[in-house]
Structures are given as structure tokens and as C-alpha cells.
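Undergrad: Need coordinates for the below:
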Amino acid sequence: MTKTFLKTFSLFLLFSSYCTFAQAENEVAPPYNIKTISFSQSNQNAIPILKLGEGFQLQFDDLFGNEANYYYEIIHCNYNWIPSEIPKNEYLKGFDNQRITDYTNSFNTLQIYSHYRLSIPNQFTQLLISGNYILKVLNEEKEVVFSRRFILYEDLATVPIQVKRARTVSNLDFKHNVDFTIKSNSITFQNPLKNVKVVLLQNGQLNNAIKNIVPQYTIGNDLVYKYDTQTQFWAGNEFLYFENKDIRAANNNVARVNAANDIYSSYLYTTNARANSPYSLTEDINGNFVVKNINAEKNEIEADYAWVYFSLSAPTFRINKDIYITGMFNNYNLTPEYKMDYNTQKGIYEKALLIKQGFTNFQYTVADSKGIIDHENAIDGNFYQTENEYSIIVYYRDNNDRYDRVIGKGIANSLNIIN
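TA: Here you go, the predicted model:
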């Protein structure tokens, strides 16, 4: 064998090895002591689809309250969430693997905790390009405590969207169909079937995203997506909610409060499954939550935690699957901590969760043992009247590019639904 052949063969093996072992960066769910993880902008929770160059924060609480040292790492990923091949200095100016130094202990709360706040950009770290990112929070042993995905986008394309009722008669009353067009004055889409990818999201949730949809046709430089089935979402129902801004009193959807234990307990009214009931309009914030203590000035460190007792009556639920309590408050995680238990004596599903006080949206999610969500057999049904927010994320990789950029974002609400 010649040296040239050996060198070429070695490079082939290296490339093959990378392709074989490169895996998507999945989010790591936090341990029990880490709570209330959120991305925020202007002191409000934000869906982590953010404009490149705008500042944002990652916040979380550690219920151990011992001022533990946490570090952060940021990884750029391609469309499929596999780490991109570009070196870190091409997407990050400065350094990551820095300690999170902005933290404060809770004040005047029964549940002690340390509140952490990581701002991006900061004196060490500035993100330079758009795309998918995974943010990992590490402990002193540099083990991953939890990770969260976020997306940075550029304003190089506009995405007009129209939400319609389902195009298929059988799902007319149960699904939303999303039609959209991608337009750009600064990018010429030479080969859109190869270079352009999209992700469709309902209320910012990544766990039911629609992917790998190609343009149906083009008009000039406009990419048009008008499918009958490929871009349909189960409409679901409005989120449920409870309010315990005054943790000592029974507020909206809180039946009673127990103050006999170390921390407060909020018992919610038993919820009846809504799948077989007519649609009823309930104002919600599409799964979001607001941390609030009406008797405090600094909600981040003065809002307390309470045991919130959920109960669900679903007598017609006969599917051999599990029911979870989900929302932005727990990143829609389908972990054992949020799985409901069936009380045979009462004939209802129950679960107690430790949640920071305020206003919290939640929903009951049906999933199998592998975490696959059953949207069709949702506990609270699917109704085309449901108000949902839909987002389209547009990715672009030119023939000579080495990573997937995010060149635009579009948003539409089903309040403006048409037939």
C-alpha cells in the first residue's frame, strides 16, 4: 500500500467514525432539587427562540440552597440537533465553561433555595451566529446537571402564515392546518429542496414539532407550503391553570390550603376530563407560567414553593398508557416525577408536585412508556376552536456553508383561523 492510500483510508475511517457516533443532543432533565428553569427576556419567561444579538437569561432554583458551584457549556448544533463541525471560536467569542456567579439565596421563604441567573451575552461569552444551541449546566465534577435547547435566528426571511381548519374531513373539528410561505430579499434560494429546512411548532413545544417538510412549489423566489396533511397539528384544548400568588389563601382553582406542614400545600379542585364535553373558552397563556408573590418585591427570591395536589377524574380513560402533568414550568418533561398515580379507592388520578408560587398553566399529557405522546386520545380532547400559537423556524445552508443558519421566524395564532 502507498502512503497516499493509507492516509486516504485513515481519513475515511475517521469520517465514518464521526458519522457513526455523532448523536443528537437531547435535553437532559434536571434532578429533583433543580426547579423553575426558564429562559427570560425583559424579566418575562420566553420561548427559547430568540433573535441573534438580543440578550437573554437562563434562570433556575436549587432547592438545596447551599450556594453550589455551577458552570455552563454552549454547543452549536445543526438542524437535526447533532453538534455542528465548526470550531467553537467560530460561533462563540470568548469562553464558556465558566462558573455562574450571579446567584442569590431565597428570602423570607419556608422552602430555602438558591436562585441562579446566567446572562447571555456576558463578559466571557458572546454568541456569533444563528442556529440551534444546547446549553448545559454542569456541577463541580463537570457532570451535566441539566441541559436546555434554544434557537437563535436572523431576520433574513419573512414567513407569512395562515392557520386553517384541517383539510381532511375526518379531522375537520380536531386539527389545525398551517399554510405558509418563505420570502427573502437578501437570499436567492437556488436549491430549496436541499438548502432550506423548516420546523413547525405549536406553542413553542419541541416534543411535537413537525419537521422535514419540503416546499410544495415555488413562485419566483418564494417557497410555498400548502399541504393538506403534512402540516396539521392536533388542536388540543385550552391549558388548565391555578393561581397561588397569595400562598396562604385559596385562589383561582385552589380548593383549600394546608399550612400544617413545613411548607404550604395547595389542593386543587378535581378536574374532569374534557374530551367528551363541548368546547369551553378558557383564557390561558399557552402553557407559560408567572412566578409571583403578591406580598413581595423580588419575586425571583421571595416567591415560595408549595406542594400542589392535582386530581383528575377520567372514568372513560381505558388506554394502557400513562398520564403526566406538563407545562412550561417543567419543560413538558415526561419523567416519573410528573406521572400521575391512579387511586383505586377514589377512582381518580392524583399527583403532588413542588411548584413555585404564582400563576401556572398546565395540561394532562397521555404518553406511552417510550415517551411517545398520544395527541389523538388527549385527556381533554381536540377542538378546532382552541387558541394556539404556531411558529415556523426557517433553516438555510448554502452549498458552501458548514452549518445550518436560522434565517427567519414566523408566528401566527389560531384566533385568526379560517375554513
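Undergrad: make it CA atoms for all contacts and neighbour counts henceforth
TA: OK.
Undergrad: who touches the nearest residue to residue 184 once chain neighbours are set aside in this structure?
TA: In this structure, residue 184 finds its nearest non-sequential neighbour in residue 157, 4.4 Å apart by Cα to Cα, 6 or more residues apart in numbering. By Cα atoms under 8 Å, 6 or more residues apart in numbering, residue 157 lies in contact with 182-187, 407-409.
Undergrad: go on, residue 133?
TA: 74-77, 81, 149-152.
Undergrad: Which element, helix or strand, includes it?
TA: Here residue 133, judged by DSSP states H and E, is contained in strand 131-138.
Undergrad: Each with direction, which strands does that strand pair with?
TA: strand 71-77 (antiparallel), strand 144-153 (antiparallel) (DSSP bridges).
Undergrad: deepest of those, which one?
TA: strand 71-77 (a mean of 21; mean count of other Cα atoms under 10 Å).
Undergrad: Can you dump the C-alpha atoms of that one in PDB for me?
TA: The C-alpha coordinates for strand 71-77 follow below in PDB (Å, rounded to 0.1, in the frame of the first residue of the first chain):
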ATOM      1  CA  TYR A  71     -20.800  26.000  35.300                       C
ATOM      2  CA  TYR A  72     -22.200  26.300  31.800                       C
ATOM      3  CA  GLU A  73     -21.200  25.000  28.300                       C
ATOM      4  CA  ILE A  74     -22.800  26.000  25.000                       C
ATOM      5  CA  ILE A  75     -22.700  23.800  21.900                       C
ATOM      6  CA  HIS A  76     -23.800  24.800  18.400                       C
ATOM      7  CA  CYS A  77     -25.900  22.200  16.600                       C
END
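Undergrad: What mean pLDDT does it get?
TA: Across strand 71-77, pLDDT averages out at 97.
Undergrad: After that strand, which helix or strand is next?
TA: Downstream of strand 71-77 (by DSSP H and E), the next one is strand 92-94.
Undergrad: which other helices and strands contact that next one?
TA: strand 125-127 (3 or more Cα pairs under 8 Å, 6 or more residues apart in numbering; DSSP states H and E).
Undergrad: Packing partners of the strand it packs on?
TA: Using 3+ Cα pairs under 8 Å, 6+ apart: strand 125-127 touches strand 92-94.
Undergrad: list the helices and strands the next helix-or-strand element following the strand it packs on packs on?
TA: Counting by DSSP H and E, the element after strand 92-94 in chain order, helix or strand, is strand 98-99. Based on contacts counted as 3+ Cα pairs under 8 Å, 6+ apart, the elements that strand 98-99 packs against are strand 71-77.
Undergrad: neighbouring contacts of the strand it packs on?
TA: Residues contacting strand 71-77 (Cα under 8 Å, 6+ apart): 25, 83-84, 88, 91, 96-100, 131-140, 142, 403.
Undergrad: For those, which PyMOL command selects only the ones that are buried?
TA: To isolate the buried members of the contacts of strand 71-77 in PyMOL, using 16 or more other Cα atoms under 10 Å:
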select buried, resi 25+83+84+88+91+96+97+99+100+131+132+133+134+135+136+137+138+403
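Undergrad: follow-up on the earlier one: so can I have a markdown table of the strands paired with strand 131-138 showing distance to residue 362?
TA: Below are the strands paired with strand 131-138 laid out as a markdown table (distance: least, Cα to Cα, whole Å):
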| stretch | distance to residue 362 |
| --- | --- |
| strand 71-77 | 29 |
| strand 144-153 | 20 |
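Undergrad: mind checking which of the ones you listed is nearest residue 162?
TA: For those, the distance to residue 162 is smallest for strand 144-153, at 21.0 Å, taking Cα to Cα.
Undergrad: Average pLDDT for the closest one, rounded please.
TA: 98.
Undergrad: neighbouring contacts of it?
TA: 27-31, 48-52, 129-139, 405-409.
Undergrad: and the very next helix or strand once past it, what does it pack onto?
TA: Downstream of strand 144-153, the first helix or strand assigned by DSSP H and E is strand 161-165. Packed against strand 161-165 by the contact rule (3+ Cα pairs under 8 Å, 6+ apart) you find strand 175-182, strand 405-413.
Undergrad: Now tabulate the ones you listed in JSON lines and tack on mean neighbour count.
TA: Shown next, in JSON lines, are those (neighbours: other Cα atoms under 10 Å):
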{"stretch": "strand 175-182", "mean neighbour count": "24"}
{"stretch": "strand 405-413", "mean neighbour count": "21"}
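Undergrad: Turn the ones you listed into TSV, columns for mean pLDDT.
TA: Formatted as TSV, these follow (pLDDT from 0 to 100):
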stretch	mean pLDDT
strand 175-182	97
strand 405-413	97
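Undergrad: Of those, which is nearest residue 194?
TA: strand 405-413 (13.6 Å).
Undergrad: partner strands of that closest one, parallel or antiparallel?
TA: When DSSP bridges is applied, strand 405-413 pairs with strand 389-396 (antiparallel).
Undergrad: Output the strand it pairs with as CSV - backbone C-alpha positions only.
TA: Extracted C-alpha coordinates of strand 389-396, given in CSV (Å, rounded to 0.1, in the frame of the first residue of the first chain):
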residue,chain,number,x,y,z
GLU,A,389,-49.7,30.0,18.7
TYR,A,390,-47.8,28.5,15.8
SER,A,391,-44.2,29.2,14.9
ILE,A,392,-42.2,28.4,11.7
ILE,A,393,-38.4,28.3,12.0
VAL,A,394,-36.5,28.5,8.7
TYR,A,395,-33.0,26.9,8.4
TYR,A,396,-30.7,27.6,5.5
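Undergrad: Please consider this matter closed, and thank you.
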